[in-house]
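Undergrad: Whatever this is, show me its structure:
(one chain, ligands or ions: 1)
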Amino acid sequence: MEVILRENDAADWVYRGEGAANLVLSYIGSSPLFIGKVMRIRKAPRSDVVTVRSPSALTAHERLLWKDVDELISSSDKEIAGRLFVQHVMKPLLGSKFVDAGMHVLVSTEFLESVEKDIICQRPPWRVDNAQVDTQCDSVLLMSDHSVFSHGNLECSSCISIEIKPKCGFLPNSRFISKETTIKRRITRFEMHQALKLHEEEISLQSEYNPLDLFSGSKERIHKAIKDLFTTPQNNFRVFFDGSIIFGGLGGGAEDTNFGIAKAFEDVLKSFIQANDGLCTESLLTLVAEALTKSGVLNQLLEVQKLDNVDIEGAIHAYYDITSQQCMVCRELGEEQAKKYTSLHSASLNESLRVVRDYLIAATAKDCSLMMCFRPRKDGGSGSEHNTVYLESTKQTFDFKADNSSHEPFGSVSVGRLVPA
Ligand SMILES: [Zn+2]
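TA: A predicted model of the protein is given here:
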């Protein structure tokens, strides 16, 4: 059955958030087809609204890069290629239970124009200035709404979901890292980025969050990481209650957590966590840390991130070989210094392709979002297909599920973006 969303369907979709490349809308209508779904719509930059579509999704070099993934190279649209990339490349690597590739649904131009009009006042003004709904698209991506528990079933009990954008969880150790950039062996990219944002007054407080804590495997450090994310959520931490955001920012960074925000959050949690006054937030953070430890999702994500084992300073040489260009990095170096990269340049084409492919896959894993969804277990409920976690302090048991959204609804790395950073 071919479904096309038309102008009068637009009212059923409400603004959920956005990243650099996409808008995310959630469904409030009553069609069983869409209950429990979110929609991802591509954005177009304001300055050149009339963009020229490339007839084929992938360039010749991109097709070469992904030549072993038949489904990907035969796709004729960038948006569809993105979904196929998740389906056929990321999903097998991250584990199918953690990844949802979504499906495409056709939309009319009037639908997109109507959505654009409806949501404009909810979007952060700076986002509106930069981009709008790309009304030239003829399809959107439909995905399970990971912030609600049961899909297609409205009668489920309340649930709380946590979205974390964990970022890169290891320090690079490639021998190709130069003396000038050796700092990245000691300090995470996240922390350096924080220092830059502070310097540029994009943020007022540097986040205490350290991705190395979150990926450490130690329960105490994971707990610390979650607490730090709560204190300075920026665009790395959000909490939803039955699909509606109750903590963190939509579409951009959130302000630091002051007393008022913390109090309001604590109050909302009271109906969900049976802790003494003032302890609900702490209990929730404990719950998240326990579930993250139990699910194994972080280990899996870290493995995939670590496919980047030569760093951009190594991958860039393989990139120039694939595109048959003169290496711009080696050109700037003396003969002696360039020797370090001879092994990369003398590699076979297949080996160069592998290096760049792994680099791009890892980049996607470094920029993806993680969704944890919790629902209190009703008395006597058992035999659930979901994992459970027990909260000692409140004697409550929660069902939970973890999803890995490699579509990075709030991120920007996409398939085959064969462009070195
Ligand atoms: Zn080179």
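Undergrad: okay, now residue 204: neighbour count?
TA: 10 (other CB atoms under 10 Å). C-beta coordinates here come from the backbone N, C-alpha and C atoms, glycine included.
Undergrad: give the contact list for the residue of the stretch 51-200 of the chain found nearest the ion.
TA: Ranked by CB to the ion, the top residue of the stretch 51-200 of the chain for proximity to the ion is residue 176, at 9.7 Å. Going by CB atoms under 8 Å, 6 or more residues apart in numbering, residue 176 touches 310-311, 313-314, 317, 340-341, 344.
Undergrad: Quick check: pLDDT value at the nearest residue to it once chain neighbours are set aside.
TA: Among residues not flanking residue 176 along the chain, residue 314 sits closest, at 3.7 Å (CB to CB, 6 or more residues apart in numbering). Per-residue pLDDT puts residue 314 at 96.
Undergrad: Residue 56 too?
TA: At residue 56, the pLDDT recorded in the model is 57.
Undergrad: do the same with residue 138
TA: Residue 138 is given a pLDDT of 87.
Undergrad: Kindly report the same for residue 218.
TA: 93.
Undergrad: Count the neighbours of it for me.
TA: Neighbour tally, residue 218, other CB under 10 Å: 12.
Undergrad: swap in the one 10 residues further on?
TA: For residue 228, the number of neighbouring residues by other CB under 10 Å comes to 18.
Undergrad: Same question for residue 390.
TA: 12.
Undergrad: Restricting to C-alpha, output the longest helix seen in the chain in CSV.
TA: For the chain, the helix with the greatest residue count under DSSP state H is helix 349-366. Taking C-alpha atoms only, helix 349-366 is exported to CSV below (Å, rounded to 0.1, in the frame of the first residue of the first chain):
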residue,chain,number,x,y,z
LEU,A,349,43.3,0.3,-3.4
ASN,A,350,41.3,-2.2,-1.4
GLU,A,351,43.2,-1.4,1.7
SER,A,352,42.8,2.4,1.1
LEU,A,353,39.1,1.8,0.7
ARG,A,354,38.9,-0.1,3.9
VAL,A,355,40.7,2.6,5.8
VAL,A,356,38.3,5.4,4.6
ARG,A,357,35.3,3.2,5.0
ASP,A,358,36.2,2.4,8.6
TYR,A,359,36.9,6.0,9.3
LEU,A,360,33.4,7.0,8.0
ILE,A,361,31.6,4.2,9.9
ALA,A,362,33.4,5.2,13.1
ALA,A,363,32.5,8.9,12.5
THR,A,364,28.8,7.9,12.4
ALA,A,365,29.2,5.9,15.6
LYS,A,366,30.9,8.9,17.3
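Undergrad: now for that helix, which elements pack on it?
TA: When contacts are defined as 3 or more CB pairs under 8 Å, 6 or more residues apart in numbering; DSSP states H and E, helix 349-366 packs onto helix 60-65, helix 91-94, helix 297-305, helix 312-322.
Undergrad: Helices of the stretch 51-200 of the chain, residue ranges please.
TA: 60-65, 70-73, 78-85, 91-94, 109-119, 125-130, 189-199 (DSSP state H, counting those that start in this stretch).
Undergrad: before we move on, the earlier item: how about the longest helix of the chain: buried residues?
TA: 352-353, 355-366 (16 or more other CB atoms under 10 Å).
Undergrad: same question, stretch 158-172
TA: 159-169, 172.
Undergrad: starting at the chain centroid, how far to it?
TA: 8 Å (CA atoms, centre = their mean, to the nearest Å).
Undergrad: Kindly report the same for stretch 138-146.
TA: Distance, centroid of stretch 138-146 to centroid of chain: 15 Å (CA atoms, centre = their mean).
Undergrad: do the same with stretch 268-278
TA: On CA atoms, centre = their mean, the centre of stretch 268-278 falls 29 Å from that of its chain.
Undergrad: which other residues reach that stretch?
TA: 158, 160, 241, 246, 266, 280-284, 287, 376, 391, 393-396.
Undergrad: Show me the shaky parts of the protein.
TA: In the prediction, the chain carries residues with pLDDT under 70 at positions 1, 47-57, 149-156, 251-252, 379-386, 404-421.
Undergrad: Pipe the helices and strands packed on helix 349-366 into CSV and attach mean neighbour count and distance to the ion per row.
TA: Output for these, formatted as CSV (neighbours: other CB atoms under 10 Å; distance: least, CB to the ion, whole Å):
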stretch, mean neighbour count, distance to the ion
helix 60-65, 17, 17
helix 91-94, 17, 28
helix 297-305, 20, 24
helix 312-322, 22, 4
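Undergrad: Including distance to residue 21, could those helices go into TSV?
TA: Shown next, in TSV, are these (distance: least, CB to CB, whole Å):
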stretch	distance to residue 21
helix 60-65	17
helix 91-94	20
helix 297-305	21
helix 312-322	21
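Undergrad: Go through these and name the closest to residue 193.
TA: helix 312-322 (14.6 Å; CB to CB).
Undergrad: relative orientation of the closest one and helix 349-366 in degrees?
TA: 140 degrees (axes from the mean of the first three to the mean of the last three CA atoms, to 10 degrees).
Undergrad: helix or strand right after helix 312-322?
TA: Sequence-wise, the next helix or strand downstream of helix 312-322 (DSSP states H and E) is helix 328-332.
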